[in-house]
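**Student:** model this:
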Amino acid sequence: MGLENFLRGLKLTYVLHNFLNRRKLKEAQAAYRKYGLKKSVYTPVSHQEIKKQAISEEAPWLDQPNATERLLSQAYFQQLPAAWQDAVRQWPERGYLILKGLFSAEEVETINREIDRLVHEQKAEWRYVNKIMFAVRQSKAVRDIVHKPELEALLGFLLGKPVKLFQSINFLKGSQQSAHSDSIHMTTYPLGYMIAAWIALEDIDPGSGPLFYYPGSHRLPYVLNEDFDHGGNYFLIGEQAYARYEAAIKSVLEKQNLPQETFLAQKGDVLLWHANLLHGGSPVLDPQRTRKSMVLHYFAEGVICYHEITQRPALQE
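**Tutor:** Sure thing, here's the model as predicted:
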């Protein structure tokens, strides 16, 4: 375990991994050229480095001034069902929206059966103890269900660019993860061009560790490696980088005193959130209860996509 942790913290490990997976870095190469970033896609990359070189571009349109006024005038928005219009209106101000019952009971049960099958057949790709990664790559049935044209059209509208699904994560239990922004894990340049969709795969109980989030926190400055002492250097990723990041976010929340909301979802409900919305998993009060859920992370097309915490470009299928 000690050797594995050392290798995970060694930036050279990722350089070699990137080279072996160079086929998955074609989009990164194109984005580097587009934004004038003069470096190899195999080597470490960070926001601090990118912003010194890259050609600047505007933030997502709904992060700009007068976003709500612009939103209401869009033909796409005007054609949405009334319930969706009500949900989308809150995006610029609150940084999230809820789509009730987007996935049918049958679709949810199919996803749950497929996850159970992957676990039973020992094909589930477990990471970080409680996360099942990339089920969309392992199950055509799951892939077909989550690729809803109406969902992806809405995500593209919110970002102002077409989106591409980057990864899926399934949870059987509550994550209990501390407050964080997904942009420390899945980062873009320009900032803000990642979006998440969280699907309730069962009715969520208060004791099962429901998702929590801080409305409006997406408007706070992004907290990236340059903003806290991550403990890394030219050769190594900081051994306690993520713990130090969580401490930095805790400090931000203590200073801002933002209200926290909890998502007590019904089966099939979907929560969409902004790349910088602070969120996490509540404590699991009843260890016997599950919290079956699936989160999908999407990158906008044509932007630089990478992982700030580990300083590596995103490998995209």
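
**Student:** all helices for the stretch 1-150 of the chain, in order.
**Tutor:** Here the stretch 1-150 of the chain has its helices, by DSSP state H, counting those that start in this stretch, at 2-9, 11-20, 26-35, 47-53, 67-72, 75-78, 82-89, 91-94, 105-120, 135-138, 140-146, 149-159.

**Student:** turn those helices into TSV, including mean pLDDT, mean neighbour count and distance to Asp227.
**Tutor:** Just so you know, the C-beta spots here come from the backbone N, C-alpha and C atoms, and that holds for glycine as well. As requested, those are exported to TSV (pLDDT from 0 to 100; neighbours: other Cβ atoms under 10 Å; distance: least, Cβ to Cβ, whole Å):
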stretch	mean pLDDT	mean neighbour count	distance to Asp227
helix 2-9	76	11	20
helix 11-20	94	15	20
helix 26-35	96	17	21
helix 47-53	93	15	9
helix 67-72	95	14	25
helix 75-78	98	11	34
helix 82-89	97	15	31
helix 91-94	98	19	23
helix 105-120	98	16	36
helix 135-138	96	20	32
helix 140-146	98	16	33
helix 149-159	98	18	24
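
**Student:** to Gly231, which of the ones you listed lies closest?
**Tutor:** Set against Gly231 and scored by Cβ to Cβ, the helices of the stretch 1-150 of the chain come closest in helix 2-9, at 9.7 Å.

**Student:** turn the helices of the stretch 1-150 of the chain into CSV, including distance to Ser178.
**Tutor:** Conversion of these to CSV gives the following (distance: least, Cβ to Cβ, whole Å):
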stretch, distance to Ser178
helix 2-9, 20
helix 11-20, 24
helix 26-35, 29
helix 47-53, 21
helix 67-72, 29
helix 75-78, 35
helix 82-89, 27
helix 91-94, 21
helix 105-120, 25
helix 135-138, 24
helix 140-146, 27
helix 149-159, 26
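
**Student:** do you know which of the ones you listed lies nearest Trp273?
**Tutor:** Nearest of those to Trp273, taken as Cβ to Cβ: helix 91-94 at 9.5 Å.

**Student:** what sits up against the closest one?
**Tutor:** 62-63, 67-68, 71, 97, 158, 215-216, 274 (Cβ atoms under 8 Å, 6 or more residues apart in numbering).

**Student:** ok, stretch 113-125 next?
**Tutor:** 132-135, 138-139, 141-142, 170, 172, 292.

**Student:** which one of those sits closest to His180?
**Tutor:** Ranked by distance to His180 (Cβ to Cβ), the contacts of stretch 113-125 are led by Met133 at 17.2 Å.

**Student:** wait, doesn't the closest one sit right on Ser168?
**Tutor:** Yes - judged on Cβ atoms under 8 Å, Met133 makes contact with Ser168 at a distance of 7.3 Å.

**Student:** these two: which is more packed in?
**Tutor:** Ser168 (23 against 16; other Cβ atoms under 10 Å).

**Student:** check which helices and strands the helix or strand hosting the more buried one sits against.
**Tutor:** According to DSSP states H and E, Ser168 maps onto strand 163-171. With contacts defined as 3 or more Cβ pairs under 8 Å, 6 or more residues apart in numbering; DSSP states H and E, the packing partners of strand 163-171 are strand 131-133, helix 135-138, helix 140-146, helix 149-159, strand 293-300.

**Student:** quick one: closest of the ones you listed to Pro81.
**Tutor:** Of all those, helix 149-159 comes closest under Cβ to Cβ, at 9.7 Å.

**Student:** tally of neighbours for Trp126?
**Tutor:** Using other Cβ under 10 Å: Trp126 sits among 12 other residues.

**Student:** what bridges to it?
**Tutor:** Ile132 (DSSP bridges).

**Student:** next, work out how far apart it and Val223 are.
**Tutor:** In this view, Trp126 and Val223 are 28 Å apart by Cβ to Cβ, to the nearest Å.

**Student:** Tyr14 too?
**Tutor:** On the measure of Cβ to Cβ, Tyr14 and Val223 end up 22 Å apart.

**Student:** next: Arg143.
**Tutor:** In terms of Cβ to Cβ, Arg143 sits 33 Å off from Val223.

**Student:** swap in Ser168?
**Tutor:** Ser168 sits 25 Å away from Val223, going by Cβ to Cβ.

**Student:** for Ile237, same thing?
**Tutor:** 17 Å.

**Student:** ditto for Val303
**Tutor:** Shown here: Val303 relative to Val223, a distance of 20 Å by Cβ to Cβ.

**Student:** more crowded one of the two?
**Tutor:** Higher neighbour count among Val303 and Val223: Val303, with 23 against 20, using other Cβ under 10 Å.

**Student:** quick one, what contacts the more buried one?
**Tutor:** Neighbouring residues of Val303 by Cβ under 8 Å, 6+ apart: 31, 161, 188-190, 193.

**Student:** can you add distance to Ala82 and secondary structure and give the residues you listed back as CSV?
**Tutor:** CSV is the format used below for the contacts of Val303 (distance: Cβ to Cβ, whole Å; DSSP: H, G, I helix; E, B strand; the rest coil):
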residue, distance to Ala82, secondary structure
Ala31, 38, helix
Lys161, 26, coil
Thr188, 32, strand
Tyr189, 36, strand
Pro190, 32, coil
Tyr193, 28, coil
